[in-house]
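> I would like the atomic coordinates for the input below:
(2 chains)
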There are 2 protein chains.
Amino acid sequence: MRDEGAGGIGQVEAKIVEVCSGGLTLESGRRLESVEVAYEQYGEVDEARDNVVLVCHALSGGAHAAGWHRGARKPGWWDNLVGPGKAFDTRKYCVICSNVLGSCYGTTGPSSADPATGRPYGSRFPIVTIGDMVTVQKALLDRLGIRRLLAVAGGSMGGMQALQWAVAYPRSVRSVIAIATAARHSPQQIAFNEIARRAVMADPAWAGGDYYGGARPDRGLAVARMVGHVTYLSAGGMERKFGRRTAGPHPAWTLEPEFEVERYLSHQGREFTARFDANSLVYLTRAIDYFDLGAGWPSLTEAFRATRASFLLLTFSSDWLYPPPQLAEVGQAARDAGREVEYHEIPSGYGHDAFLLESETQTRIIRSWLERVAESSRRPRVPVPALARTKTSYWMPARAGGQGR
Amino acid sequence: MRDEGAGGIGQVEAKIVEVCSGGLTLESGRRLESVEVAYEQYGEVDEARDNVVLVCHALSGGAHAAGWHRGARKPGWWDNLVGPGKAFDTRKYCVICSNVLGSCYGTTGPSSADPATGRPYGSRFPIVTIGDMVTVQKALLDRLGIRRLLAVAGGSMGGMQALQWAVAYPRSVRSVIAIATAARHSPQQIAFNEIARRAVMADPAWAGGDYYGGARPDRGLAVARMVGHVTYLSAGGMERKFGRRTAGPHPAWTLEPEFEVERYLSHQGREFTARFDANSLVYLTRAIDYFDLGAGWPSLTEAFRATRASFLLLTFSSDWLYPPPQLAEVGQAARDAGREVEYHEIPSGYGHDAFLLESETQTRIIRSWLERVAESSRRPRVPVPALARTKTSYWMPARAGGQGR
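Predicted coordinates:
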């Protein structure tokens, strides 16, 4: 067993369980007769079963949030934040992370076998939504005997799930930690996802989604991932990381990758095809584009009136894919609905990737948030001291009367 | 003949001439034995041959800047700025626009016949640069007997050519109008171009560039163009133009384009494949990425010391592909070199597309600029009154002594 020393979780592995026995009716009305979910658990559930944090992953993540898989060269995707003494302190909290519906890391998705045919679904897989993902997560927690979450947390697509949890299961969520995300995609955000989908589908090897067992649409998938990576970094971050540097003498007078930034994108594209399923990219980006937290409600504020959680919202100054004002507006709607909201715009040059990379500031904020939420259930409710409101960081106390519902 | 009424140029057509007889040695050292150039001319050269403005087009443009081709449904790409009484007033100035080397609208490029084989060059076409484009433009003007330009003007890639002219042919350029452009591409700008190239090359129909006469890499080219269009619009502009509107009932539970923004991109991609050559996209984006005005000089400022022109630099507040600070830095370098610089950040929601769309403000600024430049040659030089310097618009007077060289 690999020992990561102080602060590390050590070796972990995912479990796969069946949920929604009897099948699952999706938001679209279509059904999945069988749903399996891959999940990992770090830390122990306490006696009151009151210390569970659900962590939700982003587009290309999976259940492996922390610790090490046997023989792996890298730990889980949020290992810097999840572990003993870390932001999500596994000595105090039980952290659970499950792979989302539609993905390719153990949970049912387009590459799973369709029970009706025994062959992979491909594009016969039904459209799934962020709401469907959350339904499956709820089914998993029910199965594990967990009724209430201290927090549900995630960045990017994971943050959408966290917000959705608060609306879908208000009695099950005490707090939401939504990071670098939005309550719905803007047309620019849809556009980048659409380009990724078109890049995959333009590859003849995609074959209408039925490529399993044959050549895979790797060239299209690599282009799709390159688009993603440009949106994950900030212009300034790229300037610092790559500039106009080249590996060899410049100019090489070539159409092939020559600048370091080109070689980086090429590497990221290639690496992604080895680890991700093209159809999962197509389905998950679609779920993200369809997500609209306020849909079905008169307004986003009304959606938040149905919630009971308090909200920690984190954004990053250089994230242009999910710009801070977008989540600040979500915070305003939650506050208008009487919810408690703490909002931070964290200075960072990492762009959207900051939710994976900015360990120190996130640790400080998330740790104190979780302590406060855990504390508030142990003793009579006292008003939380209001933070000084600055441009980038403030506490929005609940309005009088807003707590009642 | 189509009469567009007051302010319109009416029907025009391009001419194609051979230049660089004896062949052209490119910046890369490779040679083109034969170069043809397509150009259009609006207005007449005056007796002093001193009223000529060269207009340079962007990536997907051509020589057809203004007026109407017979039977066309749209006028030239800068018809709002070029014509009688317009910014580039063809009653006063002779405006010339030529298609760049490497393009597919009449000037020699990858789709032209290689004299050595009689077949299209394809990827045997040599890498060309912004400098090579300018060399060919100079050869054209020499052939037309024009020794000196009142101004050379262009947006985006056209702005790069305008800047390059000032450095390459200092005695031939009295003023530069560079719009929504940069002196060199940042890694983020390179990245978007690289994605476009990879999208084309990932299409098996690209066939290493030898697709002429067979199936064309239309699917890859469409994806490339979609990437372009996202970078040409601003996030706010897309919000206003598309929001999350859909053509039919929503959600339609489909992987196909459903949101208006998706249908727009799909349309733009398709339309582009009908009018542009994939190899030209690959070669021209490469030329843009290679462009570095200060390369070969100790600094960008030193490059500007070799120039004699004055510089009008226009940027747009919502252009995130060529953000205003990037061109403001270029202005600072020119000013440090003792050049006269007028810089404006024009408020606009159109993003990068603003250089094609913001008629009114550009007309006002460009008209008065050209009048001042034309005037300055007719009478003894007088100091230009300094504009009040505001955040977004200022006149940088030349430093004492800077004019001498």
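> next one: phi and psi at the closest residue to residue A:70 other than its chain neighbours?
In space, and not counting its chain neighbours, residue A:70 is closest to residue A:11: 6.0 Å by Cβ to Cβ, 6 or more residues apart in numbering or on different chains. C-betas here are computed from N, CA, C, even on glycine. Residue A:11 adopts backbone torsions of phi -80, psi 140, taken as degrees, to the nearest 10.
> Could you check how far residue A:11 is from residue B:127?
51 Å (Cβ to Cβ, to the nearest Å).
> Can you pick out the residue with more neighbours from those two?
residue B:127 (19 against 15; other Cβ atoms under 10 Å in any protein chain shown).
> Tell me the spacing between that one and residue B:266.
Distance from residue B:127 to residue B:266, by Cβ to Cβ: 31 Å.
> cool, residue A:207 as well?
From residue A:207 to residue B:266 the distance is 20 Å (Cβ to Cβ).
> for residue A:99, same thing?
From residue A:99 to residue B:266 the distance is 31 Å (Cβ to Cβ).
> And the two? Which one has more around it.
More crowded of residue A:99 and residue B:266, by other Cβ under 10 Å: residue A:99, with 27 against 16.
> and the more buried one, what does it touch?
A:14, A:37-39, A:57, A:62-63, A:105-107 (Cβ atoms under 8 Å, 6 or more residues apart in numbering or on different chains).
> do you know how far it is from residue A:357?
Taking Cβ to Cβ, one finds residue A:99 at 22 Å from residue A:357.
> Check residue A:280 too.
Taken as Cβ to Cβ, the span from residue A:280 to residue A:357 is 24 Å.
> tally of neighbours for the nearest residue to residue A:185 once chain neighbours are set aside?
Spatial nearest neighbour of residue A:185, chain neighbours left out: residue A:289 (5.2 Å); criterion: Cβ to Cβ, 6+ apart. The number of residues packed near residue A:289 is 24, by other Cβ under 10 Å.
> which residues sit against stretch A:131-140?
Contacts for stretch A:131-140 (Cβ under 8 Å, 6+ apart): A:17, A:19-20, A:24, A:26-27, A:35, A:37, A:39, A:54, A:56, A:96, A:98, A:100-102, A:107, A:161, A:164-165, A:168-169, A:172, A:287.
> circling back to that earlier point, show me which of residue A:280 and residue A:357 is the more surrounded one.
residue A:280 (21 against 14).
> Got the phi and psi for that one?
phi -60, psi -40.
> you'd agree it is up against residue A:107?
No. Contact between residue A:280 and residue A:107 fails when scored by Cβ atoms under 8 Å: they sit 9.8 Å apart.
> For the stretch 1-150 of chain A, which segments count as helices?
Secondary structure of the stretch 1-150 of chain A (DSSP state H, counting those that start in this stretch): helices at A:130-143.
> How far does stretch A:103-110 sit from its chain's centre?
Distance of stretch A:103-110 from the chain centroid (Cα atoms, centre = their mean, to the nearest Å) equals 15 Å.
> Buried ones in that stretch, by neighbour count?
The neighbour-count check on stretch A:103-110 (16 or more other Cβ atoms under 10 Å in any protein chain shown) flags A:103-110 as buried.
> export these to a markdown table and tack on pLDDT and distance to chain B?
As requested, the buried residues of stretch A:103-110 are arranged in a markdown table below (pLDDT from 0 to 100; distance: Cβ to the nearest Cβ, whole Å):
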| residue | pLDDT | distance to chain B |
| --- | --- | --- |
| A:103 | 98 | 16 |
| A:104 | 98 | 16 |
| A:105 | 98 | 21 |
| A:106 | 98 | 23 |
| A:107 | 98 | 19 |
| A:108 | 98 | 18 |
| A:109 | 98 | 14 |
| A:110 | 98 | 10 |
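> Measure how buried the residue of the stretch 51-200 of chain A found nearest chain B is and give me the count.
Closest residue of the stretch 51-200 of chain A to chain B, Cβ to the nearest Cβ: residue A:187 (4.0 Å). By other Cβ under 10 Å, 26 other residues sit near residue A:187.
> For it, list the residues it contacts.
By Cβ under 8 Å, 6+ apart, the neighbours of residue A:187 are B:238-239, B:241-244, B:259-261.
> And for residue A:197?
A:224, A:281-282, A:285-286, B:255.
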